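In: this one's structure only:
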């Protein structure tokens, strides 16, 4: 660093300087608002973009002047996330306060009416509630199944044995498959006439077996396919924890004649607890979004409609964009509460220990 | 009965022999140190006793029972690991209690026994902390406490003090020695530090390249090294080892020539019966007397480097023939660089090693 | 120890010694379980060699040969490569020259879009993770949590604004648009993973390098990055697997030229009124599986070491 770049001119709020980000934000906001109000959207979009770029630039210059590497390093990621994720998210948050349908030109501010509608409407609230409980059921069932199966698989692969590498990759394969193929082929496996499942059961009972004709069967079918596909993810995380336990701890346990059960809880489990939490977190988030397998296997029939599939229907098929946005923000709220709960428990454990 | 016996114990990894034909027996109440440079097979030997390594051939007998095929859990052995191997998620107290669960005793008794060893090793104040939150010295004591909390067949220590600083090491050495004396069990300690071995052990087994070179009391291995390696390994400053030629042996006196200088040394009869005149002379730095005049019984050398060591002074001297000789002289004797020295070796502390490196001794 | 690693040892044939190694018994047990687990995939692969008429036959035809009469003919199908050729070109029903299905293009698109966006996310995300780990901002944890939050909403919520945005900016149907979107899609996971790796590194070496006058940039490239290679590999594999099979964004935001395989697959197999084209679907899926399968296989060792540090910290 040369000393010339290091000198900082004390900037007040009104100084026009390349690193005065506070002024840039204010100017950017004002110009953007004006542009949105006066100009047509296809022009105002670029003006807003230019303002964002200007603010970003002032941040970068400011950070560089102050040797503020944290800001510099983080800014590209923040920029991409803001443009591609956070901006659309805020947009849809905004939409949830309007009455807007993507196939119509009108847009009208309605405040919280959408939220009131989805939460209290005589027709919609029970439907949403049912979809939410279905989703909760799928979250609990699939995540539990994945955790158990993944955990058992990881235990199986924890020790080194001949050909382990080759068997491990076989087990990892399901999560590399396209969900379209998994859905289509599982619907074939479950098919009462042509399916393997029905075929094998018929060998014993002599009767055709229809898995998907009741709620329990349909749920079981979906949960099975989903757990099959994603247990390897859990397995990989747990396995990573298992192999990270230093060998000498197990040697010490052998010398100390520690029983298998106690050895697991006292030595192994502390090493995998964090990774179990991570697996739980990511799988829960994903399970909340479950839609594609439901679409492919049951089309939401037999009480398997999930909130996510419901969203696709009303937002994409029925074009009720704002109502969909409102539902998804209620859902986001639930997921945030849940993940925070996880993180709280995880951290309390590690700090308490 | 707390004993350990190894008979021809061998451990191979593929073609590599980590320990070869190790014979060792440790009596009840005896402390044996396995001493050697790193990679000499001493830790492998210890792990063979513990059952953490399966032996390739030979026998491991603990408490009179052949234990070759038994896993560590069945051998009833307590061990202190080099890096302590404390269970990171358990508190110090829980760590110490871990071996007791096997005995199915009541919680109160367990607590009493943990408290007792904690008191012996001054760990009472840290019982509720995690291993990550205590000092290195405390970790080491926890590891020892976890070993002595039970009543095993024998104790094994793998480099127990290697991670401590000098001062702590010194005080722990005393503490461990005292604790072991009260327990009266067969104990094996692995170390690369000869001072540790000399102070703690009843007997020392010196290993090199997977082979035990000599087993003996600290006094024996120091005063009567079995071969050149043991002679050079034990003792600080290191023993002077000079390659020489035996020219004549008469009336208990050997005439020896090294690098153009001849001296006469009083030694034992066996030296006269050596087949080869090529020998190695080993003289400890403290076994010289500086004399006034040159004679056939002293070595001529010139002081080159003086290292005061406090009570004594270490002098590096160079002989005519170019051999470097380390001599320790009392502090009072002021030696100057460049001063000519006439060094007379003490015959009783002069070791003659044959061409095969073995000591020639009655 | 002085053990020479032979080809056998590399294959995992190692003599059992020490406490944490199991023998061939474990191989047998794990082999049976793994094969059962792999069975649905195996059936897909087998189906890719079957004609449409045999694909759904009951009893299932699962053997490509009768093994000199050992297997009853009812279980034997006649293997064909027809599905694989028809992935790339199909005969016109009205006769004439075979028509290119465009799948070569779709495979190229999938490989290009997935690898570029995952690598881009890896570069940007690793920088950000290093920043979050070494130069914490005010409210660092809040930033991290907000970043994670962006992964919690169903894609459908983001998609409508994104579609509008893409339409306005002309990014719709372009490589740039979908690559940027996937990059953003991969960033949260990348940042979280890589941050936990950087958090685990010992700071001593870095401090020493800084005292020696190395710049922050040099410390990052010469000291930190080499230590987290396993983490990079693991993050890359996870990102690749998720991006490779992404369906909804690809369906709504790629054009005819930038279409990826999952989208093309769902359209190709619909079969125009005659039901699912099982053999074709299986062939596409099998081909589509190969690249990601081998990438995972070759980075497998890193995968295990890699996620070790990836624990939740907040």
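Out: Thanks, I have it. Keep in mind that what you see is a predicted model, and the values were worked out from it rather than measured. Residues are numbered from 1 along each chain as shown, chains lettered A, B, ... in the order given.

In: element containing the residue nearest to residue A:225 when sequence neighbours are not counted?
Out: Leaving aside its sequence neighbours, residue A:225 sits nearest to residue A:186 (C-beta to C-beta, 6 or more residues apart in numbering or on different chains; 4.4 Å). To be clear about C-beta, it is placed using only N, CA and C from the backbone, and glycine gets the same treatment. Assigned by DSSP states H and E, residue A:186 belongs to helix A:179-189.

In: need the contact list for the residue most central in space within chain C.
Out: For chain C, the residue nearest the mean C-alpha position is residue C:241 (2.0 Å; C-alpha atoms, centre = their mean). Shown in contact with residue C:241 (C-beta atoms under 8 Å, 6 or more residues apart in numbering or on different chains): A:175-176, C:292, C:296.

In: Could you identify the helix or strand that succeeds the helix holding residue A:186?
Out: helix A:196-205.

In: Looking at the stretch 251-353 of chain A, which residue is nearest chain C?
Out: residue A:274 (2.9 Å; C-beta to the nearest C-beta).

In: Roughly how far does the residue nearest to residue A:225 sit from residue B:98?
Out: As judged by C-beta to C-beta, to the nearest Å, residue A:186 and residue B:98 stand 47 Å apart.

In: Which one's more surrounded, these two?
Out: residue B:98 (26 against 23; other C-beta atoms under 10 Å in any protein chain shown).

In: Which of the three states applies to the more buried one?
Out: Classification of residue B:98 by DSSP: H, G, I helix; E, B strand; the rest coil places it in helix.

In: repeat for residue B:246
Out: Residue B:246 ends up strand, using three-state DSSP.

In: was I right about it contacting residue B:255?
Out: Yes: counting by C-beta atoms under 8 Å, residue B:255 is a contact partner of residue B:246 at 7.5 Å.

In: So which of these two has more stuff around it?
Out: Using other C-beta under 10 Å as the criterion, residue B:246 and residue B:255 rank with residue B:246 on top: 22 against 15.

In: Now do the residue of the stretch 51-200 of chain B found nearest chain A, the pLDDT please.
Out: Closest residue of the stretch 51-200 of chain B to chain A, C-beta to the nearest C-beta: residue B:89 (3.4 Å). We have a pLDDT of 88 for residue B:89.

In: before we move on, back to that, so what secondary structure elements neighbour the helix holding residue A:186?
Out: On a contact count with 3 or more C-beta pairs under 8 Å, 6 or more residues apart in numbering or on different chains; DSSP states H and E, helix A:179-189 meets helix A:215-243, helix A:292-297, helix C:24-47, helix C:261-268, helix C:278-298.

In: for that helix, what is the average pLDDT?
Out: On average, helix A:179-189 scores 88.

In: For it, which outside residues touch it?
Out: A:174, A:194-197, A:221, A:224-225, A:229, A:292-293, A:295-297, C:40, C:43-44, C:47, C:56, C:245, C:247, C:262, C:265-266, C:269, C:276, C:278, C:281-282, C:284-285.

In: Which residue ranges of the stretch 101-250 of chain C form helices?
Out: C:103-134, C:140-149, C:155-169, C:175-200, C:203-211, C:216-218, C:225-227, C:229-244, C:248-253 (DSSP state H, counting those that start in this stretch).

In: would you turn the ones you listed into JSON lines with mean pLDDT?
Out: JSON lines is the format used below for the helices of the stretch 101-250 of chain C (pLDDT from 0 to 100):
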{"stretch": "helix C:103-134", "mean pLDDT": "92"}
{"stretch": "helix C:140-149", "mean pLDDT": "81"}
{"stretch": "helix C:155-169", "mean pLDDT": "77"}
{"stretch": "helix C:175-200", "mean pLDDT": "88"}
{"stretch": "helix C:203-211", "mean pLDDT": "79"}
{"stretch": "helix C:216-218", "mean pLDDT": "75"}
{"stretch": "helix C:225-227", "mean pLDDT": "85"}
{"stretch": "helix C:229-244", "mean pLDDT": "88"}
{"stretch": "helix C:248-253", "mean pLDDT": "84"}
